[in-house]
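1. Generate coordinates for the sequence data below:
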Amino acid sequence: MKNWIYGVLLSGFFSASLLAQLPIEGNWLVHTGDDAAWASPAYSADTTWTSVKVPANWESQGFTGYDGFAWYRITFIVSDQLLRSDTPRYLVAGFIDDVDQVFLNGALMGQTGKFPPEYTTEYSALRKYKIPPESLRKKNVLAIRVYDDGGPGGIYRGPVGLYTEKEIENLYQVTSTPHRSFYQLPSSNGLIAAVYDTREHAITQVLNHIYAQYDENTASVNLLENAAYKVRLDTTQYNLAAFAEDITEYEVGTGIIRTSFDLDPVLTLKTYQFAPFASNERVIVSIAELTGAGVKDASLEFHVKQMDPSVIHLSQTYDYSDDRSVQVNLTGWHPRGKNAIMQKMQQFLVDFPGMTSLYNEREYWNDWHAGETLPDKLSADERNLALQSTAMMKMAQVREQGKGYGQILASLPPGNWNIAWVRDMAYAVEAFIRTGHYQEARDALAFQLRADAGDYKHFLWQGKDFGVQHPYQISVCRYYGNGTEWSDHNQDGPNIELDGFGLFLRTLESYMNASEDVPFIREYWELISQRIADPLVANIDGYGIIRQDSGPWERHLPGKHFTYTSVAAIRGMDAAANLALAVNDNENAGRYLAAANQISQGFRLYLIDSKKNAVKGNLDAATPENYVDGAAVEAVNWIIEDDNVRSRNTMHLFNTYLKMEKTKRGYKRIPTGDWYDRQEWVVLDLRIASAWFKLGEKYRGNELIQWVTRQSELNYHMIAELYDEYTTDYRGSTPMIGFGAGAYLLALGDRDKFE
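-> Next up is the predicted model:
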C-alpha cells in the first residue's frame, strides 16, 4: 500500500477581530510522506508542499486514488481577547476519513480511531479536542496526521476551528426534522456493486465484489473512480453536477437508479444505472436516453476516469429517430481476466440491445416481488420503504458460487460494513422469512451451515481461555467473502460473541415453521445439534446464563455477561428443542428444553434488577447508569410473555437513560460511552418500536416508525445505521441491511401482529 502524507500551511492569517470563535478553514498546504517532525511548530514548509482546500477530500484536489497516511499543517493567529478568556475552548477538526492525531504547537491534543496495524476507522466522528490553556498562543501551528484506508480521504467536512461547547452546539443547529443528508446510492446484483453519487451525478465506485474482503489478505478492489455523462448541444456544454440531487431516485423496489435532467427546452436526458440481476455477470449497466428536438445536434459521451486496467468498458449507441437516442454503457470485470468478461459483455449487447436490459431488469424485480408478503395496513410511504428494503436485502446477498454464496452483508457500499455479521444476518433472514422470500432465507442459513468456522475453540488471553470450548459451526463474529470465519482483533484480543448461536437457531426454526422445509433441517441436523446447539449448552456458567462474551456491542475481551446473549440463547435452545422434535430426536429435544429452562431461571435470578423489576443489560454492573443497554429490548420482544409490568419498567429505563437528549427522538445504545455509543441507533428505534407494539402502545411504536420512514424517504429509501446526536444527519454505514431494512420490515410486521 502506498503511504501518502498531507500537510498544510495557511497562506494568510485570520483576522485578530475573531473573538468568540475562530474558524480555521480555507487554503492549507499538503505534502506526501510520514515525518513526525511535521508536528513541530519549528518545522518550515518548503516548495514541495501543495495548496489544498480544507475541508475537502484530497481525491478531489489532485491526489486521486491515494490511500494511507497523511498530514495537514496550518498556522493561525488568535486575538489577545481570546487568549485572555477563561472560557474552555475546543479544537474542532471536522470529520476525517479515517483516523487522526491532532497536534497544536507540537502538543498532542488527541486521537480518534486507530492507526495500523490495529486499524479502526472513525470516519463518521466529529473531531473535538479540549485545548489546555497553556497550549494556545498568539501564533499557533496546527498539524494533523491522517490515515485513510480506502476511498476518499482527509478532512472531508467541517467545521474546523476553535469553539466553545455552546458554539459547537450552535454550529450543529440541533434539529429533529427529517431531512436529506446522504447522497450515495448503491446498486448490486450480488456479484458486483456500483455507487452513484447524486451530487456529482456520477458513478464514483465500482467494486469487483460486493463484500469488503475475500480473505484475510485480499480486499475487494474499487475498479474506477468516476464515470459520468457529458452532454453538449451546439456550443453549450452541460454541467450535470450542477443539477439538484433530488432529480435522482430508485425505481422503488429495485436496484435501478434513475435520473432525469431537463437540459434545454429541446433536450432531456434520462439515465439509468444498475447491476443487472437479469444477467448473472459482474457488469454495471449505464443507459442514457436523449429525447427532444435537439437530439440531432447533441453529442453524448460517457466519461470514465481512473479505470482499473483489469476492467472492460463497452459502449453502443442506438438512434431510434431524429428526436430519440439511447446509449448503453457496460463496465465489467471477471476474475479470469479481460477475455472472459469481454465475450460476455459483447453477448450482453446482442441479447439486450438498447433499452431491453432495462425492461428485463424491471421485469425481474416485478417477478421477484410478486410473491412477497407485506402487512396490509401500510401507508404509501411505508409500502415504498418496505419494497425498497426487501430489494436492499436482495442486493446485499452474495451470489458468487462457492462457500460464500448466500451470505448477507450488514451494509452495501458505500457503507463500510459490507461484511457478513452473524447478528445482522439473523435479522435480515427473519425479515426474508416474514416477507415470504424463503429461498433467500434458506440460502443464508445454508451458507452458515457450510462456512468454515471453529478457529476460536480455544483462545488464551491474559492466562485465561476465552474460546468457545467446544467444536462449533457459527462464526464468533463475522465472515470473509470466501465463507471463512473472521473476527477483528485489537489490543484486547478478538471479538468472541456467543449470541450468534442462539440467533441462528431462532431463525432456523422460523424458516422451518414458515416454509415447512423439514428435509433441510434433517439434512443438517447432526451439524446443527453438535456444533450449534451443543456449544451453547457448553457455555452455560455457574450463574445459569451464558458466560462472559464480547456481546452485541463487540467489547472484545474479557467482555461481560450480556443479557442479549442469554436472551438469544433462551430462544435458541427453545428453537433447538422444537427442531429436534421435528426430526424425531426426542432425547436432544428434552436436553435442549432443559437448557432453555436453566438459562431462563438464571435470567430471572441475575439479569433482573429486583428493586426496579426491570431487565438489566448485563450481570456485571449494579446501577442503571452502567447496566441499561438498548439491546436488552429483545428480552421484551422474545421471552417475557407474562409480565407486562417488568416489560414496561424496562422500557421506562430506556426512556430515562437512552432517549436522545438533544433531538428527543430515538435511542442511543448505552447511557455512557464513546462517539459511536452516543449516536441514535436506528436498529434500536425499530426494535423498541416492536416492543411498544407488543405492549399495546401503538402510538409510541408508530412515532418511531414514522420518524424512520420519513428520514429514509428523504434519503432515497435507504435506512441508516445511526442518526447524528445533534443534527440527525445520517452517520455510520448506509444502507444498513439486517439492522436497517430487516429491522424495519420486522417492526411493520409486529405492528400488524399485535394490532
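2. any low-confidence regions in this protein?
-> Under the criterion of pLDDT under 70, the regions of the chain flagged as low confidence span 1-21, 306.
3. Can you spell out the domain ranges of it, please?
-> Structural domains of the chain, as assigned by automatic domain parsing, span the residue ranges 22-172, 184-369, 381-754.
4. I'd like these as JSON lines, with mean neighbour count and distance to Pro178 appended.
-> (C-beta placed from N, C-alpha, C; glycine too.) Conversion of the domains of the chain to JSON lines gives the following (neighbours: other C-beta atoms under 10 Å; distance: least, C-beta to C-beta, whole Å):
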{"stretch": "domain 22-172", "mean neighbour count": "18", "distance to Pro178": "16"}
{"stretch": "domain 184-369", "mean neighbour count": "18", "distance to Pro178": "14"}
{"stretch": "domain 381-754", "mean neighbour count": "21", "distance to Pro178": "4"}
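5. Export the ones you listed as JSON lines, with columns for distance to Pro375.
-> What follows is the domains of the chain, written out as JSON lines (distance: least, C-beta to C-beta, whole Å):
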{"stretch": "domain 22-172", "distance to Pro375": "32"}
{"stretch": "domain 184-369", "distance to Pro375": "15"}
{"stretch": "domain 381-754", "distance to Pro375": "4"}
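6. Ser220 versus the closest residue to Tyr183 other than its chain neighbours, what's the distance?
-> Of all residues not flanking Tyr183 in the chain, Thr198 sits nearest, at 4.6 Å (C-beta to C-beta, 6 or more residues apart in numbering). To Ser220, Thr198 is 23 Å away according to C-beta to C-beta, to the nearest Å.
7. How about Met395?
-> Using C-beta to C-beta, Met395 is found at 15 Å from Ser220.
8. what does Lys166 give?
-> The spacing between Lys166 and Ser220, counted by C-beta to C-beta, is 44 Å.
9. for Tyr427, same thing?
-> Note on Tyr427: its distance to Ser220, by C-beta to C-beta, is 24 Å.
10. try Thr734
-> For Thr734, the distance to Ser220 equals 18 Å [C-beta to C-beta].
11. and the host helix or strand of Leu686, C-alpha only, in CSV?
-> Assigned by DSSP states H and E, Leu686 falls within helix 682-694. Below are the C-alpha coordinates for helix 682-694, written out as CSV (Å, rounded to 0.1, in the frame of the first residue of the first chain):
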residue,chain,number,x,y,z
VAL,A,682,-31.8,3.2,14.1
VAL,A,683,-32.0,-0.5,14.8
LEU,A,684,-32.8,0.2,18.4
ASP,A,685,-35.6,2.7,17.4
LEU,A,686,-37.1,-0.1,15.3
ARG,A,687,-36.7,-2.9,17.9
ILE,A,688,-38.1,-0.7,20.6
ALA,A,689,-41.0,0.1,18.3
SER,A,690,-41.6,-3.6,18.1
ALA,A,691,-41.6,-3.8,21.9
TRP,A,692,-44.1,-1.0,22.1
PHE,A,693,-46.4,-2.7,19.7
LYS,A,694,-46.2,-5.9,21.8
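12. packing partners for it?
-> With contacts defined as 3 or more C-beta pairs under 8 Å, 6 or more residues apart in numbering; DSSP states H and E, the secondary structure elements packing on helix 682-694 are helix 633-638, helix 644-657, helix 698-714, helix 743-754.
13. gap between the nearest residue to Phe447 once chain neighbours are set aside and Val398?
-> In space, Phe447 comes closest to Gly406 once its chain neighbours are excluded; the distance is 3.5 Å by C-beta to C-beta, 6+ apart. Using C-beta to C-beta, we find Gly406 at a distance of 7 Å from Val398.
14. can you list residues touching both of these two?
-> Contact with both Gly406 and Val398 is made by residues Phe447, according to C-beta atoms under 8 Å, 6 or more residues apart in numbering.
15. Start from the N-terminal end of the stretch 201-350 of the chain and give the strands.
-> Applying DSSP state E, counting those that start in this stretch to the stretch 201-350 of the chain gives strands spanning 202-207, 213-215, 218-219, 226-233, 236-238, 248-250, 257-264, 267-274, 283-291, 298-305, 312-321, 324-332.
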